[in-house]
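**Student:** Here is a sequence together with a model predicted from it:
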Amino acid sequence: MIIAITALKGGVGKTTTAIHLSAYLQQKAPTLLIDADRNRSALIWSREEKLPFFVASQAGATNLIRKYTHIVIDTKARPEAEEFKDLAQGSDLLIVPTTPNHLDLDATFKAVEQLTPLNVNYKILLTKVDARTRSGEDARRALEEAQLPLFKAEIPLLVAFERASQKGVIIRDYSDPRSHVAWLRYKAVGQEVLP
Ligand SMILES: Nc1ncnc2c1ncn2[C@@H]1O[C@H](COP(=O)(O)OP(=O)(O)OP(=O)(O)O)[C@@H](O)[C@H]1O
Ligand SMILES: [Mg+2]
């Protein structure tokens, strides 16, 4: 399965989602994460070789692709319209992470406007949901009212995600009391993608 993680906004959790979805898929079958962002965030995360799957750059992936069952592609923020279209048409599923922040949601609705005429398979994922506010519920309601495809699972706002990336591990392998619950959320996302 080829899954691309994309959004018109930066900082919405694309790389964090790509990393954790790859970790889930790797439990099912060999999974390659392609870092197609010039910032090389996923490659930097993988530098210490503590991730349970392989990360390659776009240029370095050519020879590897056929060896893997699942391919996850992490992309840069704000892709050009043509790039967005290519990515959508070249993947089995496009995951569009968004935080409940209204600017991020607005960008998500704009992404949907671009995706709808392409007739591609996409699904929106709510990320960085702050349990102390109702913003997550409000965002979910707005997306549901617009009848957009949305993951049932959502990702909580948790500093441990940032710490895990600094340590070069996935959240499951980061020692924090809330890490296990946070991993279960990404696992639930994975189960919606591939049960
Ligand atoms: N659920 C979360 N809770 C708290 N912090 C998070 C969460 N997900 C991601 N972050 C942090 O938010 C920042 C942006 O996340 P990430 O790099 O995954 O987003 P991105 O969409 O890939 O960004 P970019 O557009 O720069 O590539 C990072 O510092 C990351 O550690
Ligand atoms: Mg990124």
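**Tutor:** Great, that's in hand. Ligands and ions are numbered 1, 2, ... in the order given.
**Student:** low-confidence ranges in the protein?
**Tutor:** Along the chain, segments meeting pLDDT under 70 are nowhere present.
**Student:** And the helices in it?
**Tutor:** 14-26, 41-46, 58-61, 81-89, 102-115, 135-145, 159-167, 179-193 (DSSP state H).
**Student:** residues from the protein in reach of ligand 1?
**Tutor:** Applying C-beta under 6 Å from any ligand atom, one finds that the chain approaches ligand 1 through 10-16, 37, 39, 41, 77, 127-128, 155, 157-158, 161-162, 165. For glycine as for every other residue, the C-beta is placed from the backbone atoms N, C-alpha and C.
**Student:** Quick one, which of the residues you listed are buried?
**Tutor:** 12-16, 37, 41, 127-128, 155, 157-158, 161, 165 (16 or more other C-beta atoms under 10 Å).
**Student:** Find the nearest non-adjacent residue to whatever residue of the chain ends up closest to ligand 2, please.
**Tutor:** Of all residues in the chain, residue 15 sits closest to ligand 2, at 3.3 Å by C-beta to the ion. Leaving aside its chain neighbours, residue 15 sits nearest to residue 41 (4.4 Å; criterion: C-beta to C-beta, 6 or more residues apart in numbering).
**Student:** Tell me how far residue 76 lies from residue 38.
**Tutor:** Noted for residue 76: a distance of 6 Å to residue 38, by C-beta to C-beta, to the nearest Å.
**Student:** Compare neighbour counts for the two and give me the winner.
**Tutor:** Taking neighbours as other C-beta atoms under 10 Å, residue 76 and residue 38 compare with residue 76 leading, 16 against 9.
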